[in-house]
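*Asks:* Give me a model of this one.
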Amino acid sequence: MRVFSYVRKNIRRTPYQALAATMIMFLTFLTLLLFMLIAIGSQQILRYYESKPQAIAFFKDNATRDDVSKIEEALKQTGKVKDLQFISKDEALQIYRDRNKNNPTLLELVTANILPASLEISTNTPADLTVVAEILQQEPVVEEVVVPEDVIQTLTRATGVIRTVGSVSVGFLVAFSVLVILMIIGFKIRIKRNEIEIMRLLGASTWFVRAPFILEGITYAIIGAVTAWVTTYVITWYFTPFLQPSLAEIDLFPVSSLIMLQLLGVALLAAVIIGFIGSFAAVRRHLK
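*Replies:* Residues are numbered from 1 along each chain as shown. Next up, the predicted model:
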């Protein structure tokens with residue numbers, strides 16, 4: 001309790017340094033939490049599109065169900081196919097009607113006879129699409145093969161860019177935060193040099209002298225992490241009504257409470273580590 005009381009006094013005596021350190025911690029953890037949310041969201045979007053049919057084979061009118069079954073068996077033998085779904089002419093008509101039910105004009109002249117049967121294929125990875133497409137294009141009963149692999153590849157590249165940029169940005173801010181805590185704690189140690197010497201002459205242990213400065217650095221980081229988490233929660237809550245309609249099929253919004261609690265746990269753990277490293281480095285440098 002005496003150590004914590006000493007920490008409170010240190011913070012109150014130098015409010016501007018404490019505010020500066022807390023603001024740097026806030027910016028660091030706000031960037032970290034937003035980056036983590038964006039990374040989680042982009043990964044879920046990528047999984048969503050990977051789970052959708054990634055290749056569609058449209059069959060000629062003379063194709064029989066036996067022809068389709070042979071093609072399905074050939075695709076399964078490659079080991080690159082995750083899911084297959086055959087869509088008959090009647091099912092294609094029903095899908096067309098469901099998608100255009102608000103526009104009766106488009107439904108008047110469309111019958112099952114003019115819609116082709118199709119086979120929707122989901123592969124294990126986007127790289128497997130090329131092999132699947134080559135097999136389908138060699139089948140005489142297949143009229144056309146649609147492979148929207150560019151969408152998956154673009155999302156994969158975008159996810160990689162987000163991770164790289166986010167990691168570099170967070171890494172820079174973490175290093176900067178450690179240096180800020182090191183400088184502020186080191187500055188306070190130099191100011192209290194005479195007081196520290198008196199405490200040592202009176203028999204204070206090394207831990208008693210060092211602990212308040214270490215805990216002070218950790219306190220700055222924890223305050224910054226908690227305020228950044230609250231701000232992130234408010235931001236997601238505010239933008240949910242705007243983003244949810246456009247991403248209705250993808251379960252991103254509202255962000256689940258479990259994910260937010262996990263982010264809080266990660267932020268607090270990172271705060272303790274960052275605060276400890278910065279303040280401990282200052283203590284080791286100035287309290288020999």
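
*Asks:* how far is the helix or strand where Met23 lies from where the chain is centred?
*Replies:* Per DSSP states H and E, Met23 falls inside helix 15-51. Put simply, helix 15-51 sits 9 Å off its chain's centre (C-alpha atoms, centre = their mean, to the nearest Å).

*Asks:* list the helices and strands it packs on?
*Replies:* Helices and strands in packing contact with helix 15-51 are listed as helix 149-191, helix 206-243, helix 257-286; criterion 3 or more C-beta pairs under 8 Å, 6 or more residues apart in numbering; DSSP states H and E. C-beta: built from backbone N, CA, C; applies to glycine.

*Asks:* Let me know the angle separating that helix from helix 257-286.
*Replies:* Counting by axes from the mean of the first three to the mean of the last three C-alpha atoms, to 10 degrees, helix 15-51 lies at 140 degrees to helix 257-286.

*Asks:* Please spell out which residues along helix 15-51 are buried.
*Replies:* Buried residues in helix 15-51, counted by 16 or more other C-beta atoms under 10 Å: 17-18, 21-22, 24-26, 28-37, 41-42, 45-46, 49-50.

*Asks:* if we can go back for a sec, including mean pLDDT, mean neighbour count and distance to Val68, could the helices and strands packed on helix 15-51 go into JSON lines?
*Replies:* Below are the helices and strands packed on helix 15-51 laid out as JSON lines (pLDDT from 0 to 100; neighbours: other C-beta atoms under 10 Å; distance: least, C-beta to C-beta, whole Å):
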{"stretch": "helix 149-191", "mean pLDDT": "76", "mean neighbour count": "16", "distance to Val68": "22"}
{"stretch": "helix 206-243", "mean pLDDT": "81", "mean neighbour count": "18", "distance to Val68": "40"}
{"stretch": "helix 257-286", "mean pLDDT": "84", "mean neighbour count": "18", "distance to Val68": "42"}
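
*Asks:* could you dump the ones you listed to a markdown table with distance to Leu119?
*Replies:* Converted to a markdown table, the helices and strands packed on helix 15-51 look like this (distance: least, C-beta to C-beta, whole Å):
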| stretch | distance to Leu119 |
| --- | --- |
| helix 149-191 | 17 |
| helix 206-243 | 34 |
| helix 257-286 | 36 |
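
*Asks:* what's the closest of those to Ile71?
*Replies:* Ranking the helices and strands packed on helix 15-51 by their distance to Ile71 (criterion: C-beta to C-beta) puts helix 149-191 first, at 19.3 Å.

*Asks:* Walk me through the domains of this structure.
*Replies:* 2-49+153-286, 55-147 (automatic domain parsing).

*Asks:* Distance from the last one to the middle of the chain?
*Replies:* It refers to domain 55-147. 33 Å.

*Asks:* tell me how far the ends of that domain are from each other?
*Replies:* Length of domain 55-147, first residue to last, C-alpha to C-alpha, to the nearest Å: 5 Å.

*Asks:* So which of the helices and strands packed on helix 15-51 is nearest Ile121?
*Replies:* helix 149-191 (11.8 Å).

*Asks:* re the thing from before, tell me the helix or strand right after the helix holding Met23.
*Replies:* With elements assigned by DSSP H and E, the helix or strand that comes after helix 15-51 is strand 55-59.
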